[in-house]
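> Got a sequence here, can you build the structure:
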Amino acid sequence: MKQSSKSNAWLLPANPSVYDHAVAFGEKGIITWVVTSKKIREEDIVYVYVTRPNQTIGYKCVVSRVNVPEAGVIGSEYWRKAPPSYDENKEYVDLMLIEQLEDERLAYNNLLKNGLRGPVQHLLNLSNNQQLDNYIESVVNGRGQTLINKIDVEIRAARTVFEKEAIVRARIGQSEYRDGLISKYEARCVICGLADKRLLIASHIISWTECENDQKLDVDNGLLLCANHDALFDRHLIAFDMTGTLVLSPSLAPIDKTKLFEAADFVLEVDDKTSAYLRVHYDYAVKTWA
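Have a look, this model is predicted:
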């Protein structure tokens, strides 16, 4: 996915009686959709408005690819009837699911009160409706703070470290934080490439109990890992140095290193924000190995 200078947000209508978005997003995580604007770009945000009977924004997606060729179309099998023929004169884009939204504030009547000017019948560029854009963004972003508060309350009531870890994993495992990591790392373990989403864990780099509030749901403070590599990373038995090179604890047995890591010179490519978090994790890990 290419980096764009400035991302726009869009509101896209979707009829569940014509296309089964719920199953498509659940099984694929990405669907190809035809849009009516050539201005839509990679990394733009797309809010999918589910029409009757739901009449609410149901999904937040990111455009992961534009100019999708016919051979690259994803999700054709989820049309209720025969899928429409590919039209080379239209714009096809891949929509990667970030999170599923269930909030009555995103229902049609509330959108009308906050800038929507009528039924959602075609693709809307939200940069042309700042009131509506700000409202949707505030609702979606506010959901994260509510989750933080709920988890912190449960943690304070927990009696052991293990109970606290279990609470965080149970709540985060169903949240937009995990969805964000699935989107960022393309639904694969960053170390071994395991791609079964049922087996992937949203792993904090700096743990929930050690990081600041604004870091708890920051996807830059996270990696998508399989259960084995999550356990190793969480216990500081593996880390990534300043170059992104995977470093293993000397306490790991050679045979275990061979089984768990195919490439001894594995390097993780991450952005500067994630690299800063990884440095804190690495520094702590090295201290425990001494």
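> which residues are in contact with the stretch of helix or strand Ser203 belongs to?
For Ser203, the host element (DSSP states H and E) is strand 200-204. When contacts are taken as CB atoms under 8 Å, 6 or more residues apart in numbering, the neighbours of strand 200-204 outside the stretch itself are 168-169, 172-173, 175, 177-178, 181-182, 187-189, 194, 211, 216, 221-227, 230, 233-234. Just so you know, the C-beta spots here come from the backbone N, C-alpha and C atoms, and that holds for glycine as well.
> what about the helices in the protein?
In the chain, the helices defined using DSSP state H lie at 21-28, 108-112, 130-157, 161-172, 176-184, 213-216, 227-234, 254-260, 272-289.
> For the first one, which residues meet the burial criterion?
In this case it means helix 21-28. Within helix 21-28, the residues scored as buried using 16 or more other CB atoms under 10 Å are 21, 24-25, 28.
> Show residues contacting that helix.
The set of residues that contact helix 21-28 without belonging to it, under CB under 8 Å, 6+ apart, is 14, 16, 31, 48, 50, 58-59, 74-75, 78, 97, 100.
> And the last one, by the same measure?
Contact partners of helix 272-289, identified using CB under 8 Å, 6+ apart, comprise 205-206, 215, 218, 220-221, 223, 233, 236-242, 244, 247, 249-251, 270.
> which of those residues are buried?
With burial judged by 16+ other CB under 10 Å, the buried subset of the contacts of helix 272-289 is 205-206, 215, 218, 220-221, 223, 233, 236-241, 249, 270.
> Among those, which one lies nearest to Val35?
Closest to Val35 out of the buried ones among the contacts of helix 272-289 is Asp220 (28.6 Å), distances taken as CB to CB.
> can you redo the buried residues of helix 21-28 as CSV with distance to Val140 and pLDDT?
Converted to CSV, the buried residues of helix 21-28 look like this (distance: CB to CB, whole Å; pLDDT from 0 to 100):
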residue, distance to Val140, pLDDT
His21, 18, 94
Ala24, 21, 92
Phe25, 16, 89
Lys28, 22, 86
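> In TSV: these, plus distance to Ile201.
As requested, the buried residues of helix 21-28 are exported to TSV (distance: CB to CB, whole Å):
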residue	distance to Ile201
His21	26
Ala24	24
Phe25	20
Lys28	20
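> quick one: which two of these are the most distant?
Across the buried residues of helix 21-28, no pair lies farther apart than His21 and Lys28, at 10.4 Å, counting by CB to CB.
> Only the buried residues of stretch 193-213, if you could.
Residues of stretch 193-213 classed as buried under the neighbour-count rule (16+ other CB under 10 Å) are 194, 200-208, 211.
> What's the end-to-end length of that stretch?
Using CA to CA, to the nearest Å, the end-to-end distance of stretch 193-213 comes to 30 Å.
> Same check on stretch 69-81?
The straight-line separation of the ends of stretch 69-81 (CA to CA) is 21 Å.
> How about it, which residues are buried there?
Burial within stretch 69-81, assessed by neighbour count using 16+ other CB under 10 Å, is assigned to 73-75, 78.
> give the contact list for the most centrally placed residue in the chain.
In the chain, the C-alpha nearest the mean C-alpha coordinate belongs to Gly180, at 1.7 Å (CA atoms, centre = their mean). Taking CB under 8 Å, 6+ apart, we find Gly180 in contact with 98-99, 219, 222.
> Could you pick out the buried ones from the residues you listed?
For the contacts of Gly180, a burial check counting by 16+ other CB under 10 Å picks out 98-99, 219, 222.
> sorry, back to before: the contacts of helix 272-289 in strands, which ones?
Secondary structure from DSSP state E places 223, 238-240, 247 of the contacts of helix 272-289 in strands.
> Quote the end-to-end distance of stretch 266-276.
With CA to CA as the measure, the ends of stretch 266-276 fall 19 Å from one another.
> chain center to that stretch: distance?
Its chain's C-alpha centre and that of stretch 266-276 lie 17 Å apart, by CA atoms, centre = their mean, to the nearest Å.
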